Each structure stands twice: as structure tokens, then as C-alpha cells.
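> can you look at this prediction? I've put the sequence above it.
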Amino acid sequence: GAVVSQHPSWVICKSGTSVKIECRSLDFQATTMFWYRQFPKQSLMLMATSNEGSKATYEQGVEKDKFLINHASLTLSTLTVTSAHPEDSSFYICSAGGGDQPQHFGDGTRLSIL
Amino acid sequence: AQKITQTQPGMFVQEKEAVTLDCTYDTSDPSYGLFWYKQPSSGEMIFLIYQGSYDQQNATEGRYSLNFQKARKSANLVISASQLGDSAMYFCAMSSDNFNKFYFGSGTKLNVKP
């Protein structure tokens, strides 16, 4: 079964809306989680490293004020796309693991901004 | 900085034949991991195979094998006896940060013909 749960799997919303995506590790604790973004027919690009109890580390070119990451517990990281616009439409996917756990990916969230 | 290159945007293979998907990488880290993932149209990332930089033998997992040539910095995936269900995007990835943070290649779309 899934070891990383991502919710929702599909979101359609109006421009200007803020959207929250959850990534949960099941049956294990994850001090670090990762968020990736994938445009159609392109590769996964690492956006940021989510650190439990501290600020996320963003990759170069990723707007931290646009993509808010909160890692409030050892099993949950959230990515909030603030004031989303059509260019933010993409496939977002998280991963968790580390230590004695290999990296597991969530099933992803398809975000469509109208 | 890490760099992963997949030079084959698309590949066709006849069912039951073997196919090799190319992957080259560049890193200055002494220790790293190489991974292959399969992504069907539904979007989830399916782990296929892993090769550690210090592993002496090439990794194998069922019909998947990784042709690791460290001096050439290549980590090609070989799929034997292709099946129709193997049609998907395939991504090569590398990680050196305690094998947590991944950098992906651009992917190869494999089509298996009946």
C-alpha cells in the first residue's frame, strides 16, 4: 500500500485562489519531505525541501512567498500555492523518506487554475 | 551541481524484445545514488531500480537491470522482454544528499508495440 499520501489528487479553481496540498507519511516519521513540480511532458523539478520545525529550503528560482511550505509535524507537510494564476497550473508531487526509509513519492496533485 | 541527461525523448520497442534507455550524469560528489522511475499516464512515480555509486555489481530487479559504467558516468536502464504495460515515461534520477533529494532527467517516453 501507499506509504506517502497526497491530497487532493486533482484541484480546479479560479485565478486568485490559494490552494493547499497535503503530503502525509504513513506509518513512518519524515523529518524531511520534498516538493516537486512537473509541467506537461517535462521532468520533475525540485521546488523545495520541507524541514520539520524549521523553514523550508527553496531551490533557485522558486518564489517562497508564492509557494508556502509548512512542515508542522513529522508526518505532514503542506504546500500552499498563494493567489494562484493559470501559469501555476501544473502537477505537484511530494516525496518523503530518509534514514532507514527509502524515498517514497505521493501520487501527485494536478492543479488547474482557470 | 548535479546534472542528469536523457537523450532519448521517445523510444519504440516491439513486445517481448529488450530495450535500453540511456542516462548520463555529472556530479562532483564522491557518493551518490542512481535511480530509475516509471511514470504512467496517471502520474504516480513507480520506483524501478537503484544503483549506489560504490556498488561493484550492476543492480537487477526482475526484468530491469541497470548498466552502470562509473568511468563513463552512465546508468542505462535495460528492460528485458518488454510488455505492453511497460509503455510509460521513464525518468533517471540522481541523489547525493543522503539519498533524499532527487534530480531528474528529462525523461524517455517508451512505447511498446504489439
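Structure's in. What do you need? Numbers count the residues shown, from 1 in each chain, chains lettered A, B, ... in the order given.
> show me what from chain A comes close to chain B.
A:32, A:34, A:36, A:42-46, A:49, A:91, A:93, A:95, A:97-98, A:102-105, A:107-108, A:110 (Cβ under 8 Å from any Cβ of the partner chain). No exception for glycine: its C-beta is placed from N, CA and C like everyone else's.
> buried subset of the residues you listed, written for PyMOL?
In PyMOL syntax, the buried subset of the residues of chain A next to chain B is picked out as below (16 or more other Cβ atoms under 10 Å in any protein chain shown):
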select buried, chain A and resi 32+34+36+43+44+45+46+49+91+93+95+97+98+103+104+105+107+108+110
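> contacting residues for residue 43?
Let's take chain A. B:91, B:104-107 (Cβ atoms under 8 Å, 6 or more residues apart in numbering or on different chains).
> actually, chain B is the one I wanted.
Contacts of residue B:43 (Cβ under 8 Å, 6+ apart): A:91, A:93, A:107-108, A:110.
> mind doing that once more with 7 Å?
A:91, A:107-108 (Cβ atoms under 7 Å, 6 or more residues apart in numbering or on different chains).
> and residue A:16, helix, strand or coil?
coil (DSSP: H, G, I helix; E, B strand; the rest coil).
> what bridges to the spatially most central residue of chain B?
Nearest to the mean C-alpha position of chain B, by Cα atoms, centre = their mean, lies residue B:36 at 3.4 Å. Beta-bridge pairing for residue B:36 (DSSP bridges): residue B:49, residue B:92.
> ok, residue A:113 next?
Beta-bridge partners, per DSSP bridges, of residue A:113: residue A:13.
> for the contacts of residue B:43, which one is nearest residue B:7?
Ranked by distance to residue B:7 (Cβ to Cβ), the contacts of residue B:43 are led by residue A:91 at 23.4 Å.
> how close does that closest one sit to residue B:86?
21 Å (Cβ to Cβ, to the nearest Å).
> could you do residue A:112 as well?
Distance, residue A:112 to residue B:86, using Cβ to Cβ: 29 Å.
> so the two - more neighbours on which side?
residue B:86 (19 against 13; other Cβ atoms under 10 Å in any protein chain shown).
> show me the contacts for that one.
B:79, B:110, B:112.
> need those in a markdown table (columns: neighbour count, secondary structure and pLDDT).
Below are the contacts of residue B:86 laid out as a markdown table (neighbours: other Cβ atoms under 10 Å in any protein chain shown; DSSP: H, G, I helix; E, B strand; the rest coil; pLDDT from 0 to 100):
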| residue | neighbour count | secondary structure | pLDDT |
| --- | --- | --- | --- |
| B:79 | 24 | strand | 98 |
| B:110 | 21 | strand | 98 |
| B:112 | 20 | strand | 97 |
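> quick one: contacts for the residue lying closest to residue B:50 once chain neighbours are set aside?
Leaving aside its chain neighbours, residue B:50 sits nearest to residue B:35 (5.3 Å; criterion: Cβ to Cβ, 6 or more residues apart in numbering or on different chains). The contact partners of residue B:35, taken as Cβ under 7 Å, 6+ apart, are B:47, B:50, B:93.
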